[in-house]
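>>> Sharing a model prediction with you, sequence too.
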Amino acid sequence: MKIKHLIFIFLLLTLTVTLVYADDFQDVEDAVERGDYKTALEKLRPLAEQGDAEGQYSLALFYKYGRGVPRDSKEAVKWYRKAAEQGHAFAQKDLGLAYEDGRGIPKDHKEAANWFRKSAEQGNAAGQYRLGFSYRVGWGVTQSDKEAVKWYRKAAEQGLAYAQDSLGFAYFWGTGVPKDYKEAVKWYRKAAEQGEARAQTSLGGMYEKGQGVPLDYKEAVKWYRKAADQRDGEARKKLGAMYDKGQGVKQDYKEAVKWWKLAANKGWSDAQYHLGLHYHEGHGVPRDDMEAVKWWKMAAESGNADAQHDLGVMYEKGLGVTEDYGKAEKWYTEAAKGRHISAPFNLGTMYLQGLGVLQDDNVQAYKWYLISASRGDIRGKEKIIILEKLLTPDQINKAGKLAMEWAVKNMW
């Protein structure tokens, strides 16, 4: 006798089971609920071996998560395939994921998309979402934002939070559909109300900026907090900023530091930068330039231009670190590549004054002041006027050529 319906759902490494009850298999359910996977497997394996698709899919999940058997991705794929070939939609989706990730089988995006499509065409929401994602990134199919939206919508209308969030994202950016902030809010909200952290953060952002909804900082904070409580790094970073600025909440530097530190420890460079800034200024924490340098260095190494610039200042002035003009020049240059406004001016001044390893070089100084002025730094314009009186026409032309070459090379 076959199981009519048996689906095992694994969450947070804990196995739970949802069953459409079959009286003959109450002992299987009971064994799983008490964590007796050995007994459950003894009852389940014969069903899988007899060709029952639900049993095969469930057995695959036992192998995937290592419940009652050693974790074995290859064995999981074996049983996914048996169930998938019988048309089991969840097995088709999970077999697609195995191909996509290269788990238990060589990575193959075309095969992944093939199985996602089989699942999706049966109406499986998760399969529809995965097929939509394949179209979004062009894995195994020709990239198509319109096709991605088509499948996201099918899954979203079935209530799948991930798909609702992705559909909101498509409307926000206008990928595959015309840009429409109100539609973005609609779908972000549906996902957010199901507890999807990424959507909660995005919905908070819509309220913070007044996009598709009236500007409402309190509502923004509400949604950021929900996502932050789920350890969403971007939400923690944004919640820290709200406390820092006193938007939607009473200004509280200590709370800002608290949330930025949580985000910074997970690698969010913006949070690392702002955390360093608060240590440098002594806002919410005792002033500590060594701590400021620590966090700015992390952010700078991740490409944060503000942190690169401020780290350059610390090395130039010997704050929190030993004075080192070479490192100052290095970080100013990196910040300049990141289009930081003040960094080119600082480089020009270092060349003008011949600080550290840099030679007194008015041509190089003029080059950097040209770049500085082009970015709207009035100090650069003032220095250009002064240097034009000291340089020859040939030197000015050379500096202009150097500035243009640098700009082109660094995608100015």
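The structure has been received and is ready for your questions. Residues are numbered from 1 along each chain as shown.
>>> Need the residues that contact stretch 252-268.
228, 231, 233-234, 236-237, 239-241, 243-244, 246, 249, 270-272, 274-275, 278, 283-285, 295, 298, 302 (CB atoms under 8 Å, 6 or more residues apart in numbering). (Glycine included, C-beta is placed from N, CA and C.)
>>> Please indicate which of the residues you listed are buried?
Among those, those buried by neighbour count (16 or more other CB atoms under 10 Å) are 228, 233-234, 236-237, 239-241, 243-244, 249, 270-272, 274-275, 278, 284-285, 295, 298.
>>> can you tell me the helix or strand for S58?
Using DSSP states H and E, the element containing S58 is helix 53-65.
>>> Run the chain-centre distance for that helix.
31 Å (CA atoms, centre = their mean, to the nearest Å).
>>> One more: stretch 335-345?
Stretch 335-345 sits 25 Å away from the centroid of its parent chain (CA atoms, centre = their mean).
>>> contacting residues around the residue positioned nearest the centre of the chain?
The centre of the chain sits closest to E234, judged by CA atoms, centre = their mean, with a distance of 7.9 Å. Applying CB under 8 Å, 6+ apart to E234 gives the contacts R198, T201, A227, A263, W268.
>>> Quick one, which of the residues you listed are buried?
For those, buried by 16+ other CB under 10 Å: R198, T201, A227, A263, W268.
>>> buried stuff in the longest helix anywhere in the chain?
The residue-count maximum for a helix in the chain (DSSP state H) belongs to helix 393-409. Within helix 393-409, the residues scored as buried using 16+ other CB under 10 Å are I396, K398, A399, L402, A403, W406.
>>> just those now: which is nearest G123?
W406 (56.3 Å; CB to CB).
>>> Low-confidence stretches in the chain?
When residues are selected by pLDDT under 70, those of the chain lie in 1-25, 356-360, 411-412.
>>> on that earlier part again, and of the contacts of E234, the nearest to Q50?
Comparing those against Q50 with CB to CB picks out R198 as the nearest, at 42.0 Å.
>>> Name the helix or strand for the closest one, please.
helix 197-209.
>>> what number of residues lie near the residue lying closest to L347 once chain neighbours are set aside?
Spatial nearest neighbour of L347, chain neighbours left out: W368 (4.4 Å); criterion: CB to CB, 6 or more residues apart in numbering. The tally of other residues near W368 (other CB atoms under 10 Å) stands at 28.
>>> residues in contact with Y181?
Residues counted as contacts of Y181 (CB under 8 Å, 6+ apart) are Y171, F172, M206, Q211, G212.
>>> give me that answer again for 7 Å
For Y181, the contact set (CB atoms under 7 Å, 6 or more residues apart in numbering) comprises F172, M206, Q211, G212.
>>> so what's L59 closest to, chain neighbours aside?
Closest to L59 by CB to CB, 6+ apart is A48, at 4.4 Å.
>>> that older thread, residue contacts, the residue nearest to L347?
So W368 contacts P344, L347, G348, Y351 (CB under 7 Å, 6+ apart).
>>> and if you look at Q395?
Contacts of Q395 by CB under 7 Å, 6+ apart are V363.
>>> ditto for D165
D165 neighbours (CB under 7 Å, 6+ apart): Y188, A191, E196, R198, A199.
>>> How many neighbouring residues does R34 have?
R34 has 10 nearby residues by other CB under 10 Å.
>>> distance of A365 from L352?
Between A365 and L352 the computed distance is 4 Å (CB to CB, to the nearest Å).
>>> neighbour count winner among those two?
Neighbour count, other CB under 10 Å: between A365 and L352, A365 has more, with 25 against 21.
>>> ok but the more buried one is inside a helix, no?
Yes - secondary structure of A365 (DSSP: H, G, I helix; E, B strand; the rest coil): part of a helix.
>>> so it makes contact with Y351?
Yes - using CB atoms under 7 Å, A365 is in contact with Y351, at 4.1 Å.
>>> Do a quick rundown of the helices in the stretch 301-412 of the chain.
Along the stretch 301-412 of the chain, the stretches classed as helices by DSSP state H, counting those that start in this stretch are 305-317, 325-337, 342-353, 362-374, 378-388, 393-409.
>>> need the contact list for Y152.
Y129, G132, A163, S166, L167, A170.
>>> Give me the buried positions along the helix or strand harbouring it.
In this structure, Y152 sits in helix 145-157 according to DSSP H and E. Residues D145, E147, A148, V149, K150, W151, Y152, R153, K154, A155, A156 are the ones in helix 145-157 that count as buried (16+ other CB under 10 Å).
>>> Ok, stretch 70-77 next?
For stretch 70-77, a neighbour-count test (16+ other CB under 10 Å) marks S73, E75, A76, V77 as buried.
>>> And for stretch 254-272?
Neighbour-count burial for stretch 254-272 flags 255-264, 268-272 (criterion: 16+ other CB under 10 Å).
>>> Which single one of those residues is nearest to A120?
For the buried residues of stretch 254-272, the residue nearest A120 by CB to CB is W268; the value is 34.1 Å.
>>> what about the closest one, distance to L41?
The gap separating W268 from L41 is 43 Å, by CB to CB.
>>> What sits closest to T39 if chain neighbours are left out?
A31 (4.0 Å).
>>> Pretty sure the one you found sits against E42.
No - judged on CB under 7 Å, A31 makes no contact with E42 at a distance of 8.4 Å.
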